[in-house]
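Undergrad: Mind folding the following:
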Amino acid sequence: MAANFDSVQKLGKEQFEAVSAAAAAVTKGWQSIAAETTDYSKKSFEKSRVLAEKLITVKKIDEAFQLQSDFAKSAYEDFLAEATKLGELYASIAKEAFKPIESAAKAYSPAE
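TA: Model prediction:
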């Protein structure tokens, strides 16, 4: 009976440690995503500010259209790059979060 209690207690401790490690991985991942999103927002705002300054000094409508067109193309490319990077970060979070849980599940699996 005591052996069963010890094994159940050990199992509970291992599961708690696995869940704690998974939560830590998720937290770290969310911090990375927040930092990346903040950096992207700052860069995007700065590019918009520079465009506005350039548009104020434009003398011809053709120049304004060209500036706006170049900005739109650049903004779209930056967005796609950022979306790809964020997708990779989300995938990384999932992998890191499930590693400790997977290890704990393998350790608990009954031997065949």
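Undergrad: Where is the longest helix in this protein?
TA: For the chain, the longest helix by residue count, based on DSSP state H, is helix 2-57.
Undergrad: Whichever helix or strand comes after that helix: how far from the chain's middle?
TA: Proceeding N to C from helix 2-57, the next assigned helix or strand is helix 61-108, under DSSP states H and E. Its chain's C-alpha centre and that of helix 61-108 lie 7 Å apart, by Cα atoms, centre = their mean, to the nearest Å.
Undergrad: Distance check, the residue nearest to V58 when sequence neighbours are not counted against S92.
TA: Nearest residue to V58, sequence neighbours excluded (Cβ to Cβ, 6 or more residues apart in numbering): A64, at 4.6 Å. Backbone N, C-alpha and C define where each C-beta goes, glycine included. Going from A64 to S92 by Cβ to Cβ, to the nearest Å gives 42 Å.
Undergrad: so how far is E88 from the closest residue in space to V19 that isn't next to it in sequence?
TA: Nearest non-adjacent residue to V19, counting by Cβ to Cβ, 6+ apart: I101, 7.1 Å away. Distance, I101 to E88, by Cβ to Cβ: 21 Å.
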